[in-house]
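1. quick one, what's the 3D model for this:
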Amino acid sequence: MKLGLAAIDAVCERLGRPERSVPAVIVAGTNGKGSVAATLSAIASAAGLRAGLYTSPHLVRAGERIRIAERELTDGELDAALGPVFLAADAAPEVPLTYFEAITAAAFLSFARSSLDLAVLEVGLGGRFDATNVAPARLSVITSIGLDHVEELGPTLESIAREKAGVFRFGRPALVGPCPAGARRALAEAAAETGAALHDAAEEAAISGIATSVDGTRFGLETPAARYDLATPLAGAHQAVNAAVAVRAAELIGPELPALEKAALVRGVAATRWPGRLEKVSVRGRVVLLDGCHNPAGAGAIARFLGDTGLAGRVRLIFGAMADKDVEGMAASLFPAVASVFLIPAPSPRGATGEELLARTSAVRRDSVVRPSLEAALREVLADPGADAAPIIVAGSLYLVGEARERLLSGRFEGE
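-> Next comes the predicted model:
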C-alpha cells in the first residue's frame, strides 16, 4: 500500500491523461461505496448511456474491477490495458506502481478507449491520496463514515471524514450519505474550504416502507426532484440507503446527462449487480448468503437484516477475516444474531487462522467451532440432517467470499 498521487499522476501524464477523457463520478466511504457505485452505473446503462465502472477488490478475477456497459473486462482486455501502463511506468525515469495504481491506470485507459458517457470510480482507501482521485470528478459522493483503516486515515471519525473529503471539487456538487454528527460537521467544513456544493442525503432523500428479504429490497423514496417506488436485488435495509444515495447522485448529475430521467433511475436500481453483498446462491435446495462484511458496521448490517427477516438465531455462520481487521467488533455485531459459528482461515497470507479467530472472539461466543477450511465447513453444514430451511451465511473477508462464490457456482457441492 502506498498513499499518494505522484506515481499515478506521472503515469497518467505519460499515457496522455486518459482520466480526463470521460466525465466521472468518484465514490468514497467506509461502507456502501461499492453498492452505490454499482447502482449508479446500472442507472446510467438503463438510461442508454455507455458507462464505465471501476471497483475494488475483485472476488475471483481481476477483470471484475472494470466494467464497460455493465460487462466485465476479459483477461485479454485487461492485459491490453495493462500493457501500455507497464510500458509507461517502466520508461526512464521509472515510476514504481502498486498493484492498485496499475489497475486504476488500466481502468482509465480502458474507459478512454471506449467512448463512454460516464465513468463511476470507487475509491480504494480514503480519498485524498487514493489513486482514483487524480480524475476530475463532476460529482463526489461519500456514502458513510466509520472507523476503518485508522492507521492510514486517522483515529477519529472526524479525521477519517477529512481524508475522504479529499475527493471534493471546487464548484462541483458533493453528496454525503448518513453520517455521525461529528463526521458530518467535518465534511461540511471541508466542503466549505474546497468550494464544493454540499448535499446531504439524510435531508434530501427520505426513505419509507422498507421491505427486505433474501431476494432483495423494496422501498419508497422522496427527493427534491421526484417520488419513487423502487426495488433493488440487493438485500438488506442498508441497501435501500445505498440505492437512495445512488438515485440522488444521478439526479445531481442529471443536468449534464439528460437521459437520466425518472424511469431510467427506477430501471437501473432494479438491474443492479453487486456480487458478494448478501448475495443469494442456492445449493442442494439450501440458500447460502455471501457477504464481505469486513468491519463492524458491515457485520451489524447483516445482523439487522437477520432481525428484519425473522432469521435471527436461525442461520449458521461460516466466518473468516483478515488478522488486521477489527475481528472483535465484527463478532460483537454479528455472532449473537446467528445459531452457530464456524471459524475458518481466509485464503490470504493476511488471513487470521481459525484458532486465532476463536481466541479473539470467545468473549462474545464460547460455542464457536474451528474448521480447517471453507470446504470442510460447507460440507458439514450442508450435510447436517438437523438443519432447517434457514440460510447459511458465509461472511467476513471478501477474499473468503470470493472463494465461496467460485466454489458454490462451480456446482461442486451439488449431488454430494
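2. where in the stretch 251-400 of the chain is pLDDT low?
-> Counting by pLDDT under 70, the stretch 251-400 of the chain contains low-confidence ranges at 385-388.
3. strands of the stretch 101-250 of the chain, residue ranges please.
-> 118-122, 139-142, 173-176, 197-200, 206-213, 216-222, 227-232 (DSSP state E, counting those that start in this stretch).
4. just checking, what packs against the first one?
-> In this structure, strand 118-122 packs against strand 24-28, helix 33-46, strand 51-54, with contacts taken as 3 or more CB pairs under 8 Å, 6 or more residues apart in numbering; DSSP states H and E. C-betas here are computed from N, CA, C, even on glycine.
5. one more time with 10 Å, if that's ok
-> Here strand 118-122 is seen to pack against strand 24-28, helix 33-46, strand 51-54, helix 99-112, strand 139-142, helix 237-253 when contacts are counted using 3 or more CB pairs under 10 Å, 6 or more residues apart in numbering; DSSP states H and E.
6. now do the second one
-> In this structure, strand 139-142 makes packing contacts with strand 24-28, helix 33-46, strand 118-122, helix 157-164, strand 173-176, helix 181-194, strand 197-200, helix 237-253, judged by 3+ CB pairs under 10 Å, 6+ apart.
7. just the CA trace of it, in CSV.
-> What follows is strand 139-142, C-alpha atoms only, in CSV (Å, rounded to 0.1, in the frame of the first residue of the first chain):
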residue,chain,number,x,y,z
LEU,A,139,-19.7,14.8,-8.7
SER,A,140,-18.2,13.5,-5.5
VAL,A,141,-20.0,11.0,-3.2
ILE,A,142,-19.2,9.9,0.4
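8. please point out which parts of it sit buried.
-> Taking 16 or more other CB atoms under 10 Å as the basis for neighbour counts, the residues of strand 139-142 that come out buried are 139-142.
9. ok, now the last one?
-> Under the neighbour-count criterion of 16+ other CB under 10 Å, strand 227-232 has 228, 230-232 buried.
10. do the same with the first one
-> Within strand 118-122, the residues scored as buried using 16+ other CB under 10 Å are 118-122.
11. strand partners of that strand, parallel vs antiparallel please.
-> Sheet pairing of strand 118-122 (DSSP bridges) gives strand 24-28 (parallel), strand 51-54 (parallel).
12. how about the fourth one?
-> Strand pairing for strand 197-200, using DSSP bridges, gives strand 173-176 (parallel).
13. now the fifth one
-> Its sheet considered, strand 206-213 pairs with strand 216-222 (antiparallel) by DSSP bridges.
14. and the partner strand, average pLDDT?
-> For strand 216-222, mean pLDDT is 98.
15. can you dump the C-alpha coordinates of that strand into CSV?
-> Coordinates of the C-alpha atoms in strand 216-222 are reproduced here as CSV (Å, rounded to 0.1, in the frame of the first residue of the first chain):
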residue,chain,number,x,y,z
GLY,A,216,-33.9,-8.0,-2.5
THR,A,217,-35.3,-4.8,-1.0
ARG,A,218,-38.3,-2.6,-1.8
PHE,A,219,-38.8,0.9,-0.6
GLY,A,220,-40.3,4.3,-1.3
LEU,A,221,-38.1,7.4,-1.9
GLU,A,222,-38.8,11.1,-2.0
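16. residue 59 reaches residue 408, doesn't it?
-> No. Between residue 59 and residue 408 no contact is recorded; they are 11.7 Å apart, counting by CB atoms under 10 Å.
17. for residue 285, state which of the buried residues of strand 118-122 is nearest.
-> Set against residue 285, the nearest of the buried residues of strand 118-122 by CB to CB is residue 122 (35.0 Å).
18. that closest one bridge partners, please.
-> With DSSP bridges as the criterion, residue 122 is bridged to residue 27.
19. of all the strands of the stretch 101-250 of the chain, which one is nearest residue 392?
-> strand 206-213 (16.1 Å).
20. and for the protein, the residue most distant from the center?
-> The outermost residue of the chain relative to its centre, with distances by CA atoms, centre = their mean, is residue 92 at 36.1 Å.
21. A helix includes that residue, no?
-> No. The assignment for residue 92, made by DSSP: H, G, I helix; E, B strand; the rest coil, is coil rather than a helix.
22. could you number the chain from 36 rather than 1 from now on?
-> Okay, residue one is now 36; in that scheme the one you just asked about reads as residue 127.
23. if I look at it, how far off is residue 49?
-> As for residue 127, its distance to residue 49 is 11 Å (criterion: CB to CB, to the nearest Å).
24. try residue 347
-> Per CB to CB, residue 347 is found 54 Å from residue 49.
25. where does the stretch 36-185 of the chain have low pLDDT?
-> Low-confidence segments of the stretch 36-185 of the chain, defined by pLDDT under 70: 36, 183-185.
26. again, only using 80
-> Of all residues in the stretch 36-185 of the chain, those with pLDDT under 80 make up the ranges 36-38, 182-185.
27. got the end-to-end distance for stretch 180-193?
-> The stretch stretch 180-193 measures 9 Å between its terminal residues, going by CA to CA, to the nearest Å.
28. save the helices and strands packed on strand 174-177 as a markdown table, and put in distance to residue 341 too.
-> Formatted as a markdown table, the helices and strands packed on strand 174-177 follow (distance: least, CB to CB, whole Å):
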| stretch | distance to residue 341 |
| --- | --- |
| strand 59-63 | 27 |
| helix 68-81 | 18 |
| strand 153-157 | 27 |
| helix 192-199 | 26 |
| strand 208-211 | 28 |
| helix 216-229 | 27 |
| strand 232-235 | 29 |
| helix 272-288 | 11 |
